[in-house]
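> Just the structure for this:
(one chain, ligands or ions: 2)
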Amino acid sequence: MTTEQMNDYFEELEAVCLKNDNIAPRLFEEYGVNKGLRDENGKGVLTGLTNISKIVSSKIVDNQKIPCDGELWYRGYRVEDLIHCLGQNEFGFEKIAYLLLMGKLPDEREKEDFDRIIGECRTLPTNFTRDVIMKAPSEDVMNSMTRSILTLASYDKKVKEPSVSNSLRQCIQLISEFPLLAVYGYNAYNHYEKNESMYIHHPDKQLSTAENLLMLLRPDRKYTLTEAKVLDTALILHMEHGGGNNSTFTTRVVTSSGSDTYSTMAAAMCSLKGPKHGGANIKVMEMMDDIRAHIKDYSDKDEIEAYLRRIVDKDAFDQKGLIYGMGHAVYSISDPRERVFKDYVKQLAEEKKRQKDLELYENIEMLAPKIIADKRHIYKGVSPNVDFYSGFVYDMLGIPVELYTAMFAVARIVGWSAHRIEEMICTDKIIRPAYMSVMEEKRLS
Ligand SMILES: CC(=O)SCCNC(=O)CCNC(=O)[C@H](O)C(C)(C)COP(=O)(O)OP(=O)(O)OC[C@H]1O[C@@H](n2cnc3c(N)ncnc32)[C@H](O)[C@@H]1OP(=O)(O)O
Ligand SMILES: O=C([O-])CC(=O)C(=O)O
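Ligands and ions are numbered 1, 2, ... in the order given. I've put the predicted structure just below:
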C-alpha cells in the first residue's frame, strides 16, 4: 500500500468511528455524567483527600461563592512565601522537595542529608547514556525521558518491592536523575537530528538542581547566579498542583493498581506532555512564533485582536481553537504562579533587551480572556496560566524549546512522588470509577 492509500484507509476508518462512537450529548445530562469529571460550573468531582497542597480559586462571601485571585499552598505554606523566604544566594528546589515529600520543612541536618542523597543519586548506570539515551533520539524529549525511565527499572533489583521506603528511594533517585535524562535526551537529538556538536557534561554533586541543569546544558558550563535563581523559582512554581491535575491523577490511578514507581512515573510523563496540560509551554512558544509571523505591529491591539479571534475560530495557527497559556481547570481570576513569573519576565526582558516581545505578550494577556469569553461558554473566568510566560523565561535563559515540558517534568516529579506515597499510605484501594453503558444489545443472526 502507498502512504496515500494508507491515509485513505484510515480516513475511512475514522468515518466509521465517528458514526459508531457517537453518544448523544443529552445522555450525559440525563445520567448526570460530568464530562472531564467536572460539574456544570467547571468544578472537579471530589475524588480524594490530600495533605500535600491546596489550590484556592473562589471564596464564600455572604453565603455566595465568588471567584477570587488564585492561591497555591504547599504543605501549609503559600508558594510565594516559600520563594520569598529563600536567601539571596539560596536555592529552594531541594528544600521544598523535602517539604512536599516529608510534610515538614527540613532542619539543618535533614537538609544536609537530603542534599547529599540528591547529589549522590544524580548519576546513571554505567553506559546508560550511550546504550539507552543516545539510541533513537527524538525531538520529543518527553518520549525519550519516558523510555529512559522504563529502562531504569531493569537496573533496579528491587523494582517491584512494594514498601513505602522502597518507593521513596525510587522516587528520590528519579528526582535526581530527571535533569540528566532531560538534558542528555536533548543533546542526543541536537547532535543526531540537528547535526550540532555533542557535549555530555557530568553533573556536580555540590550544585543544586537548577545549577546542574544550566551547567549540563551549556557548552562552557557557565551561568550566572541570577539565571540559576530564576530557573530554581520556575521549578518551585511547577512542583505541585493538587491531586486532580491530569498527570498527578494518573500517578494516583496507576499507583492504586499496585504498579511500580517507574511505570507510574512513565504514565505521568505521558499525561503531562499533552498540549492541554504541561505540553502547553511548547505550544505557547509555537503560537507566539506564529503570531509574530502574522502581526506587523506588536503594539497594534486591533491587529493582534483580529488574529487572536482567528485562532479561537480555528482559522489560524494549529486550528484547535485554543489560545495556549490561557485558561485553567481550577483558577479563574488569576493563577498565582503567573504573577510570580511576570515579575521575573519584566526584569529579564529589560536585561536581555526583549521589551518588544514583552509588549506583545502583555497585549495578548490583556486581550485573550475577553476574546475567549466572547466565543466560549465561560463558567468561572479565563486568565493566563503558569505557562503563559514560562516559555518566554526559558527562552531568555537560552533553554531550547524542546526542553520546556521536560523542565516541567523535572519539577512535577516531586509532586507526583508525594502523591504516590500519600496514595500508598492513606488510600490503598484500586481507583475504579463507573461508566454507564448506553450500548444497544444485538443478536448475531
Ligand atoms: C500546567 C497546566 O496544565 S495549566 C493549563 C495549560 N493548558 C493550556 O494553556 C492550554 C489552553 N487552555 C485550555 O485548553 C483550557 O483552558 C484548559 C484545558 C487548561 C482548561 O479547560 P476547561 O477546564 O475546559 O476550562 P474552562 O471550563 O474555564 O473553559 C470554559 C470554556 O472556555 C474555553 N477555553 C478555555 N481556555 C481556552 C483557551 N485557552 N482558548 C480557547 N478557549 C478556551 C473552553 O474550551 C470552554 O469552552 P466551551 O465549554 O464553550 O467549549
Ligand atoms: O491543575 C491543573 O489542572 C493543571 C496543573 O497541573 C497546573 O496548573 O500546574
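
> is whichever helix or strand Tyr404 is part of anywhere near ligand 2?
Using DSSP states H and E, Tyr404 maps to helix 404-422. No. Figure legend: helix 404-422 not in contact with ligand 2 (Cβ under 6 Å from any ligand atom); closest approach 7.2 Å. (C-beta placed from N, C-alpha, C; glycine too.)

> Tell me the residues on the chain that lie near ligand 2, please.
241-242, 245, 328-330, 386.

> all strands of the stretch 151-300 of the chain, in order?
For the stretch 151-300 of the chain, no strands are identified by DSSP state E, counting those that start in this stretch.

> Closest residue of it to ligand 1?
Ala280 (3.5 Å; Cβ to the nearest ligand atom).

> Hmm, Met326 and that residue touching each other?
No. Assessed by Cβ atoms under 8 Å, Ala280 is found out of contact with Met326, at 9.3 Å.

> who has more neighbours, those two?
More crowded of Ala280 and Met326, by other Cβ atoms under 10 Å: Ala280, with 26 against 22.

> center of the protein - which residue?
Gly278 (3.0 Å; Cα atoms, centre = their mean).

> Excluding sequence neighbours, find me the nearest residue to that residue.
Closest residue to Gly278 apart from its sequence neighbours, by Cβ to Cβ, 6 or more residues apart in numbering: Leu272 at 3.9 Å.

> What residues does the one you found make contact with?
Contact analysis of Leu272 by Cβ atoms under 8 Å, 6 or more residues apart in numbering lists 142, 246-247, 278-279, 405, 408-409, 412.

> Quick one, which of these are buried?
Among the contacts of Leu272, those classed as buried by 16 or more other Cβ atoms under 10 Å are 142, 246-247, 278-279, 405, 408-409, 412.

> Let me have these in a markdown table, extended by pLDDT.
Below are those laid out as a markdown table (pLDDT from 0 to 100):
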| residue | pLDDT |
| --- | --- |
| Met142 | 98 |
| Asn246 | 98 |
| Ser247 | 98 |
| Gly278 | 97 |
| Gly279 | 97 |
| Thr405 | 98 |
| Phe408 | 98 |
| Ala409 | 98 |
| Arg412 | 98 |
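
> which of the residues you listed lies closest to Asp21?
Asn246 (21.6 Å; Cβ to Cβ).

> contacting residues around that closest one?
Here Asn246 is in contact with 271-272, 274, 276-277 (criterion: Cβ under 8 Å, 6+ apart).

> got it, and Ser58?
Taking Cβ under 8 Å, 6+ apart as the test, what Ser58 contacts is 65-68, 332, 380.

> Kindly recompute the last result at 7 Å.
By Cβ atoms under 7 Å, 6 or more residues apart in numbering, Ser58 lies in contact with 65-68, 332.

> ok, then the element right after the helix or strand of the chain with the lowest mean pLDDT?
Lowest by mean pLDDT, DSSP states H and E among the helices and strands of the chain is helix 336-351, with a mean of 91. As assigned by DSSP H and E, the chain's next helix or strand after helix 336-351 is helix 355-375.

> Report all helices and strands that that next one contacts.
helix 301-312, helix 336-351, helix 387-396 (3 or more Cβ pairs under 7 Å, 6 or more residues apart in numbering; DSSP states H and E).

> quick one: average confidence on that helix?
In this model, helix 355-375 has an average pLDDT of 96.

> what about that helix, near ligand 1?
Yes. Helix 355-375 reaches ligand 1 (Cβ under 6 Å from any ligand atom) through Ile372.

> mind listing what's buried in that helix?
So for helix 355-375, counting by 16+ other Cβ under 10 Å, buried means 357-358, 360-365, 367-369, 371-372.

> Same list, these, but as a markdown table with distance to Arg116 please.
As requested, those are exported to a markdown table (distance: Cβ to Cβ, whole Å):
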| residue | distance to Arg116 |
| --- | --- |
| Asp357 | 41 |
| Leu358 | 40 |
| Leu360 | 45 |
| Tyr361 | 40 |
| Glu362 | 43 |
| Asn363 | 47 |
| Ile364 | 44 |
| Glu365 | 42 |
| Leu367 | 49 |
| Ala368 | 46 |
| Pro369 | 46 |
| Ile371 | 51 |
| Ile372 | 48 |
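
> and His328, what does it touch?
335, 385.

> how close does it get to Pro400?
26 Å (Cβ to Cβ, to the nearest Å).

> quick one: contacts for Lys342?
Tyr389.

> What distance do you get for it to His328?
Lys342 is 15 Å from His328, by Cβ to Cβ.

> which bits of the stretch 201-350 of the chain sit near ligand 1?
276-278, 280, 312, 321-329.

> For ChimeraX, write the select line for the buried members of those residues.
Here is the ChimeraX command that picks out the buried ones among those, judged by 16+ other Cβ under 10 Å:
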select :277,278,280,312,322,323,324,325,326,327,328,329
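
> Between the residues of the stretch 201-350 of the chain next to ligand 1, which sits nearest Met439?
The closest of those to Met439 turns out to be Lys276 (Cβ to Cβ; 28.3 Å).

> Run through the residues that contact the closest residue to ligand 1 within the stretch 1-150 of the chain.
Residue nearest to ligand 1 within the stretch 1-150 of the chain: Gly42 (3.9 Å; Cβ to the nearest ligand atom). The contact partners of Gly42, taken as Cβ under 7 Å, 6+ apart, are 379-380.

> is the helix or strand where Ser57 lies anywhere near ligand 1?
Element membership for Ser57 (DSSP H and E) is strand 53-61. No. For a cut-off given as Cβ under 6 Å from any ligand atom, strand 53-61 has no contacts with ligand 1; the smallest distance is 10.4 Å.

> can you map out the strands along the stretch 1-150 of the chain?
Under DSSP E, counting those that start in this stretch, the stretch 1-150 of the chain gives strands at 53-61, 64-74, 77-78.

> Let's have those strands in TSV, adding mean pLDDT.
Shown next, in TSV, are these (pLDDT from 0 to 100):
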stretch	mean pLDDT
strand 53-61	95
strand 64-74	95
strand 77-78	98
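
> ok so, going back, just the C-alpha atoms of the helix holding Tyr404, please, in CSV.
Written as CSV, here are the backbone C-alpha positions of helix 404-422 (Å, rounded to 0.1, in the frame of the first residue of the first chain):
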residue,chain,number,x,y,z
TYR,A,404,10.3,23.1,28.0
THR,A,405,7.9,20.4,29.0
ALA,A,406,10.9,18.3,30.3
MET,A,407,11.6,21.2,32.7
PHE,A,408,8.1,21.0,33.9
ALA,A,409,8.6,17.2,34.5
VAL,A,410,11.9,17.8,36.3
ALA,A,411,9.8,19.8,38.8
ARG,A,412,6.5,18.0,38.9
ILE,A,413,8.0,14.6,39.6
VAL,A,414,8.3,15.8,43.2
GLY,A,415,4.5,16.4,43.4
TRP,A,416,3.9,13.0,41.7
SER,A,417,6.2,11.3,44.2
ALA,A,418,4.4,12.9,47.2
HIS,A,419,1.0,11.8,45.8
ARG,A,420,2.3,8.3,45.1
ILE,A,421,3.4,8.0,48.8
GLU,A,422,0.2,9.5,50.1
